[in-house]
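*Asks:* With the input below, show me the fold.
(2 chains)
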Amino acid sequence: GIQVEQSPPDLILQEGANSTLRCNFSDSVNNLQWFHQNPWGQLINLFYIPSGTKQNGRLSATTVATERYSLLYISSSQTTDSGVYFCAVGDTGRRALTFGSGTRLQVQP
Amino acid sequence: KAGVTQTPRYLIKTRGQQVTLSCSPISGHRSVSWYQQTPGQGLQFLFEYFSETQRNKGNFPGRFSGRQFSNSRSEMNVSTLELGDSALYLCASSLGDSNGYTFGSGTRLTVV
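*Replies:* Down below sits the predicted model:
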């Protein structure tokens, strides 16, 4: 099956700093999503982005499907951005998401 | 628009018992998937249902089963619980194959 690798595994930032999270995947995908898992466990959908670039406030994401990677940018980070960020991909026909191991982000005041 | 609703939020069961978890998808979403999250294995796919039919199943033993009703609500059942079944169980719904998934808040199951 598809392999998904996220980097870095852990990230500590000062409030106001910018960061880039990376997701590499091993095969063609028809679905790629970025999620933020809150302290209560819920996965909050940030972007559905199998290709191209999207922006939502301080967050933006880019997926280069031909090179099998996606990037999540967080600008002017806030303490509320802390948590685990997951990249998940789906391949054609399987109708299931394969998750990476996540990036644990801690934003310090 | 209501999100994906999972009940109960927390559950404590004894080894050997069985448990049923419930998931109500977003209105209009006919695809419902289940995932297990543990510290050791991360997030793993259990199964996916569409129009009451299981279309795909992950690599889990037969003790894990599920079903979907005509109103798209889904249940998953775990029989003969083991300590290793302690996990966060997440349900997701989707409008279709070319759309993203929306997850519920999860059910945290503890097996003692």
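
*Asks:* residue contacts, the closest residue to chain A within chain B?
*Replies:* Taking Cβ to the nearest Cβ, chain A has its nearest neighbour within chain B at residue B:100, 3.3 Å off. In short, each C-beta sits where N, CA and C put it, glycine included. Contact analysis of residue B:100 by Cβ atoms under 8 Å, 6 or more residues apart in numbering or on different chains lists A:31, A:33, A:45, A:48, B:94.

*Asks:* where does the last one fall, phi/psi-wise?
*Replies:* Spelled out, that is residue B:94. For residue B:94, the backbone dihedrals (degrees, to the nearest 10) come out as phi -150, psi 150.

*Asks:* Who are the contact partners of the residue nearest the centre of chain B?
*Replies:* The centroid of chain B falls nearest to residue B:34 when counting by Cα atoms, centre = their mean (3.4 Å). By Cβ under 8 Å, 6+ apart, the contact set of residue B:34 is B:23, B:45-48, B:66, B:74, B:76, B:89-92.

*Asks:* Just list whatever residues bridge to it.
*Replies:* residue B:47, residue B:91 (DSSP bridges).

*Asks:* Just give the closest residue to whatever residue of chain A ends up closest to chain B, not the sequence neighbours.
*Replies:* Closest residue of chain A to chain B, Cβ to the nearest Cβ: residue A:48 (3.3 Å). Spatial nearest neighbour of residue A:48, excluding adjacent residues (Cβ to Cβ, 6 or more residues apart in numbering or on different chains): residue B:100 at 3.3 Å.

*Asks:* and that neighbour, how far is that from residue A:39?
*Replies:* 23 Å (Cβ to Cβ, to the nearest Å).

*Asks:* what's the answer for residue B:19, then?
*Replies:* The gap separating residue B:19 from residue A:39 is 24 Å, by Cβ to Cβ.

*Asks:* Looking at those two, which one has more neighbours?
*Replies:* residue B:19 (18 against 8; other Cβ atoms under 10 Å in any protein chain shown).

*Asks:* residues in contact with that one?
*Replies:* Contacts of residue B:19 (Cβ under 8 Å, 6+ apart): B:11, B:13, B:77-78, B:81, B:109.

*Asks:* repeat for residue B:76
*Replies:* Per Cβ under 8 Å, 6+ apart, neighbours of residue B:76: B:20-21, B:23, B:34, B:46-47, B:64-66, B:89, B:91.

*Asks:* For it, which three-state class applies?
*Replies:* strand (DSSP: H, G, I helix; E, B strand; the rest coil).

*Asks:* With residue A:66 instead?
*Replies:* Here residue A:66 is recorded as helix under three-state DSSP.

*Asks:* Tell me the confidence at it?
*Replies:* Here the pLDDT value assigned to residue A:66 is 95.

*Asks:* what mean pLDDT does stretch B:13-31 have?
*Replies:* Stretch B:13-31 shows a mean pLDDT of 97.

*Asks:* Wait, a strand at residue B:102?
*Replies:* Yes: according to three-state DSSP, the state of residue B:102 is that of a strand.

*Asks:* isn't residue A:7 right next to residue A:103, touching?
*Replies:* Yes: with contact defined as Cβ atoms under 8 Å, residue A:7 counts as touching residue A:103 (7.2 Å).

*Asks:* So for the two, which residues contact both of them?
*Replies:* Common neighbours of residue A:7 and residue A:103 (Cβ under 8 Å, 6+ apart) are residue A:21.

*Asks:* the more surrounded of the two?
*Replies:* Legend: neighbour count by other Cβ under 10 Å for residue A:7 and residue A:103, higher for residue A:103 (21 against 14).
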